[in-house]
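Asks: Here is my input, please return the structure:
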Amino acid sequence: MHTTQYRPLAPRQAEALTHRAQGLSNRETAQAMRCSVTNVTNLLAECFYKLHARNSTDAVAKAVKHGLIQFILILTVIGGISADQEQLRTRFQRRLNSQTLRIRNRENLA
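Replies: Next up, the predicted model:
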């Protein structure tokens with residue numbers, strides 16, 4: 001059985017990916033990390049490469065699965081969104097929810 005080995009993420013790469021997991025855009029991530037949007041784009045691209053990920057959702061899932069970013073932090077932020085702030089949820093969070101539903105549907109069909 002072949003298991004894929006992932007290269008560890010640099011601290012700034014893990015930070016950028018964690019911000020993405022929290023639903024921040026590249027611009028919001030750049031503001032939080034006090035760097036340029038181009039720098040964030042490059043950090044995330046390197047994360048995608050190291051994790052063999054197709055997109056942000058895939059990168060976050062792989063990073064969490066392999067302990068490269070902390071899942072509890074992501075849950076705390078997503079869980080802290082109140083009903084009044086529901087409209088502020090980003091495309092990433094909605095996509096993550098729809099993928100979770102698809103996975104559950106597949107499990108129920110099996």
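Asks: Could I get the buried residue list for the helix or strand encompassing residue 28?
Replies: In the assignment (DSSP states H and E), residue 28 maps to helix 26-33. For helix 26-33, burial by neighbour count (16 or more other CB atoms under 10 Å) applies to 26, 28-30, 33. For glycine as for every other residue, the C-beta is placed from the backbone atoms N, C-alpha and C.
Asks: Adding pLDDT, write those residues out as a markdown table.
Replies: Listed next are the buried residues of helix 26-33 as a markdown table, based on pLDDT from 0 to 100:
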| residue | pLDDT |
| --- | --- |
| 26 | 95 |
| 28 | 94 |
| 29 | 94 |
| 30 | 95 |
| 33 | 93 |
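Asks: List just the nearest of the residues you listed to residue 11.
Replies: residue 33 (10.9 Å; CB to CB).
Asks: Does that closest one touch residue 17 like I think?
Replies: No - between residue 33 and residue 17 there is no contact under CB atoms under 8 Å: 11.3 Å.
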